[in-house]
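1. sequence and predicted structure, then a few things I'm wondering about:
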Amino acid sequence: MGADFLMSACPIQVSKEDAKERLRKYDKNFVLDILADNFGQEFDDDEKSEYEQAIEWVDNFIDCVYGYWESGSRETTVYYFRGVPILVTGGLSWGDDPTDAYLPMSVVETLELTVESTFLTEHMKEWRKEQEKA
């Protein structure tokens, strides 16, 4: 058994404020489903709703990603693809995250919060249609 290489890449095309605004525009259950399905993340604080906890959790990760972007980090680097800056992290994993930047970047990347146009926006429309049928 060996280590696996894991990598996360976040194109940085919008401001931190725009990323946080996009998060709040997503359907509540859609966000919770993505976090549960992709990261096994569930929220169980009795004082706040699951959605409030999820927003707080992702907000902190947005702050982390833009902190890495603005100040640099030994755990991240920036590549440019067709003029678009892409914040990258990764490394070998033995069942854990390869860097401290990996989980925050993976969550923000999966939710497509830092890009101008998103696949998820279109996917969410389809998801809503399916939910309405159910």
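-> Perfect, I can see it now.

2. give me the pLDDT for V115.
-> As predicted, V115 sits at a pLDDT of 88.

3. scratch that, T118 is what I was asking about
-> For T118, the model assigns a pLDDT of 63.

4. quick check: longest helix of the protein.
-> Assignment by DSSP state H gives helix 50-71 as the longest helix of the chain.

5. which non-adjacent residue is nearest the residue nearest the centre of the chain?
-> Nearest residue to the geometric centre of the chain (Cα atoms, centre = their mean): V108, 1.6 Å. Nearest residue to V108, sequence neighbours excluded (Cβ to Cβ, 6 or more residues apart in numbering): V65, at 4.8 Å. In short, each C-beta sits where N, CA and C put it, glycine included.

6. can you check D63 too?
-> D63 sits nearest to K16 (Cβ to Cβ, 6+ apart), 7.3 Å away.

7. burial of that neighbour, as a residue count?
-> Using other Cβ atoms under 10 Å, K16 has 18 neighbouring residues.

8. mind checking the SS state of the closest residue to P98 other than its chain neighbours?
-> Leaving aside its chain neighbours, P98 sits nearest to G91 (3.3 Å; criterion: Cβ to Cβ, 6+ apart). The three-state label given to G91 by DSSP: H, G, I helix; E, B strand; the rest coil is strand.

9. what sits opposite G91 in the beta ladder?
-> Following DSSP bridges, G91 is listed with bridge partners L6.

10. quick one: the strands in this protein?
-> Assigned by DSSP state E, the chain shows strands spanning 4-11, 76-81, 84-93.
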